[in-house]
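Undergrad: Quick one, fold the following:
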Amino acid sequence: MSTTWIVVIIVVAVVVIAALAWAATRGRARRVEQRRIEAQQHREVANTKAREAEQARLEAKAQAQRAQERQAEAEELRERAASVDPDAD
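TA: Have a look, this model is predicted:
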């Protein structure tokens with residue numbers, strides 16, 4: 001085998017290896033970008049759910065406050081009824 005053929009084979013091998021390395025790097029970059037997009041979507045969903053949860057918490061707190069107020073009103077009415085009732089001790 002002549003030196004020229006050996007050089008040609010080596011050059012072709014280097015080009016093939018470089019092409020494979022470039023393709024692998026490009027594929028990895030594409031996967032990384034897809035994972036970034038997926039992570040951003042997850043963050044958006046998480047933020048939406050967090051806002052919904054906070055709103056539900058505030059509504060529950062307001063409802064609990066209304067319930068306490070009604071309970072206090074009921075207690076006042078019971079006390080008033082007891083004070084007015086001639087049969088109460």
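Undergrad: any idea which element Glu33 lies in?
TA: helix 3-84 (DSSP states H and E).
Undergrad: so how far is Ala53 from the residue sitting nearest the centre point of the chain?
TA: Among the residues of the chain, the one closest to the centroid is Ala46, at 2.2 Å (CA atoms, centre = their mean). According to CB to CB, to the nearest Å, Ala46 stands 10 Å off from Ala53. No exception for glycine: its C-beta is placed from N, CA and C like everyone else's.
Undergrad: can you check Ala18 too?
TA: The value you get for Ala18 to Ala53, if CB to CB is used, is 52 Å.
Undergrad: before we move on, what about Ala60?
TA: Plainly put, Ala60 is 10 Å away from Ala53 if you go by CB to CB.
Undergrad: now Ala39
TA: For Ala39, the distance to Ala53 - CB to CB - is 21 Å.
Undergrad: Low-confidence stretches in this structure?
TA: Along the chain, segments meeting pLDDT under 70 span 88-89.
Undergrad: repeat that for 80
TA: 1, 85-89 (pLDDT under 80).
Undergrad: tell me the secondary structure for Pro86?
TA: coil (DSSP: H, G, I helix; E, B strand; the rest coil).
Undergrad: For it, grab phi and psi.
TA: When read as degrees, to the nearest 10, the backbone of Pro86 gives phi -70, psi -20.
Undergrad: ok, now Asp85?
TA: Torsion angles, degrees, to the nearest 10, at Asp85: phi -70, psi 120.
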